[in-house]
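J.: Next input, structure requested:
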Amino acid sequence: MESYALLLGATLSAGTVLAIAALGLLINEKAGIVNLGAEGMMLCAAIAGFATVVHTGNTWLGFAAGMAAGALLAAIFGVLVIWLNTNQYATGLALSLFGVGFSAFAGISYVQAKLPELPKYAIPLLGDIPVLGPALFRQHPLVYLTMLLVAGLIWFLYRSRAGLVLRSVGESPESAHALGYPVRRIRLAAVVAGGALCGLAGAYISTVYTPLWVEGMVAGRGWIALALTTFATWRPARVLLGAYLFGGVTMLQFHLQATGVQVASQLLSMLPYVATIVVLALISRNPTWIRVNMPASLGKPFYPGS
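T.: Numbering: from 1, shown residues only. Presented below is the predicted three-dimensional model:
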């Protein structure tokens with residue numbers, strides 16, 4: 001029973017990384033922009049956050065540095081695809097490749113660095129509940145803030161005027177432009193906000209989830225987060241549930257190894273990516289469902305004069 005509680009706690013932590021990044025990409029896509037550079041942004045944010053904590057000893061400053069790095073890279077991406085109308089897919093892939101190379105170069109001197117020990121977090125009384133207390137109520141505060149972020153994003157997208165404008169820009173930018181809304185600036189703001197969240201996810205990986213720096217440590221989570229937006233049909237609550245599902249699959253490999261299951265470690269390491277492919281294949285069997293939920297202008301450039 002205790003081992004399953006530990007698996008549950010690890011699932012929440014692993015799912016938080018995916019949820020934060022996927023929510024950032026969801027904001028991008030609600031505005032009609034596809035950013036394939038999540039992996040690169042997360043890696044650059046991971047080294048920025050790690051280096052900041054090494055020099056300051058403050059994890060929250062590391063989060064801020066990661067968000068700033070992600071937002072900066074996203075802003076560059078946004079200028080290229082929104083104002084210069086470069087291809088969104090090619091530019092995103094270039095950003096991802098840049099992030100992989102730059103983070104490896106910038107992190108050379110931090111490979112052996114160590115972070116200060118993290119404080120122990122616990123919700124009073126609830127954290128003392130046997131078995132479930134340590135799993136559910138002794139998580140890093142960012143785990144709970146992510147849940148609040150989902151609730152806030154649901155309210156913003158479906159209950160606020162600003163969220164309605166954002167969705168209209170993603171559905172019909174020409175109509176939004178005709179009504180006087182600055183489509184390009186709104187899209188850029190969405191891209192920067194999404195990049196900041198991807199940066200937060202990257203910084204969380206290197207400072208809390210696995211507090212060390214290793215080249216390529218994001219390990220494909222940016223691509224899984226990108227797949228999560230489709231899996232969730234662009235709904236924030238489903239993104240959170242999907243993130244915990246994929247987080248559970250990720251941690252299952254370690255649970256199986258700990259319980260002595262005789263399966264090759266390479267096969268267990270494949271589980272999260274196999275699950276991603278299987279889920280996307282199942283969803284793609286119903287293209288109408290995807291088309292109904294997907295923002296109509298997703299991936300398409302906007303020309304104000306058209």
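J.: Identify the spatial nearest neighbour of G133, chain neighbours not counted.
T.: Distances taken as C-beta to C-beta, 6 or more residues apart in numbering place G127 nearest to G133, at 5.0 Å, with adjacent residues excluded. Backbone N, C-alpha and C define where each C-beta goes, glycine included.
J.: Can you classify the one you found by secondary structure?
T.: Judged by DSSP: H, G, I helix; E, B strand; the rest coil, the three-state class of G127 is helix.
J.: That one and K120 touch, don't they?
T.: No: shown here, G127 and K120 do not form a contact pair, counting by C-beta atoms under 8 Å, at 9.3 Å.
J.: Between those two, which contacts overlap?
T.: R138 (C-beta atoms under 8 Å, 6 or more residues apart in numbering).
J.: Show me which of the two is the more surrounded one.
T.: Legend: neighbour count by other C-beta atoms under 10 Å for G127 and K120, higher for G127 (16 against 7).
J.: what residues are up against the more buried one?
T.: Taking C-beta under 8 Å, 6+ apart, one finds 133-134, 137-138 in contact with G127.
J.: what pLDDT does it get?
T.: What the model reports for G127 is a pLDDT of 78.
J.: Then T259?
T.: On pLDDT, T259 comes in at 69.
J.: what's the answer for L36, then?
T.: We have a pLDDT of 96 for L36.
J.: Throw the contacts of G127 into a markdown table and include neighbour count, thanks.
T.: As requested, the contacts of G127 are exported to a markdown table (neighbours: other C-beta atoms under 10 Å):
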| residue | neighbour count |
| --- | --- |
| G133 | 17 |
| P134 | 18 |
| F137 | 18 |
| R138 | 16 |
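J.: Among these, which lie within helices?
T.: Those of these mapping onto helices are 133-134, per DSSP state H.
J.: tell me the mean pLDDT over the longest helix seen in the chain?
T.: In the chain, assigned by DSSP H, the helix with the most residues is helix 2-30. On average, the pLDDT along helix 2-30 is 89.
J.: same thing with stretch 84-91?
T.: On average, the pLDDT along stretch 84-91 is 94.
J.: end-to-end on that stretch?
T.: 11 Å (C-alpha to C-alpha, to the nearest Å).
J.: got a list of contacts for that stretch?
T.: Contacts of stretch 84-91 (C-beta under 8 Å, 6+ apart): 33-37, 77, 80-81, 299, 301, 303.
J.: go with 10 Å
T.: Outside stretch 84-91, the residues within contact range by C-beta atoms under 10 Å, 6 or more residues apart in numbering are 28, 32-37, 76-82, 92-94, 298-303.
J.: buried residues in stretch 103-113?
T.: 103, 106-107, 110 (16 or more other C-beta atoms under 10 Å).
J.: Serialize those to TSV and add fields for pLDDT and secondary structure.
T.: Putting the buried residues of stretch 103-113 into TSV (pLDDT from 0 to 100; DSSP: H, G, I helix; E, B strand; the rest coil) gives the following:
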residue	pLDDT	secondary structure
S103	96	helix
A106	94	helix
G107	94	coil
Y110	95	helix
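J.: Pipe those residues into TSV and attach distance to C198 per row.
T.: Compiled in TSV, the buried residues of stretch 103-113 are given as follows (distance: C-beta to C-beta, whole Å):
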residue	distance to C198
S103	13
A106	17
G107	18
Y110	20
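J.: Specify which member of these is nearest to G222.
T.: Comparing the buried residues of stretch 103-113 against G222 with C-beta to C-beta places S103 closest, at 11.8 Å.
J.: and the nearest residue to the closest one once chain neighbours are set aside, what does it touch?
T.: In space, S103 comes closest to L43 once its chain neighbours are excluded; the distance is 3.9 Å by C-beta to C-beta, 6+ apart. By C-beta under 10 Å, 6+ apart, the residues touching L43 are 69, 96, 98-104, 106-107, 202, 205-206, 215-219, 221-222.
J.: Using PyMOL, make a named selection holding only the buried ones among those residues.
T.: Buried residues within the contacts of L43, by 16+ other C-beta under 10 Å, are selected in PyMOL with:
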select buried, resi 69+96+98+99+100+103+106+107+202+205+206+217+218+219+221+222
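J.: For this protein, which segments are assigned as helices?
T.: 2-30, 38-56, 59-78, 88-106, 132-136, 141-159, 161-171, 173-178, 183-204, 221-231, 236-258, 265-269, 271-283, 287-293.
J.: Show me where this protein dips below the pLDDT cut-off.
T.: Low-confidence segments of the chain (pLDDT under 70): 1-3, 257-261, 265, 268, 289, 305-306.
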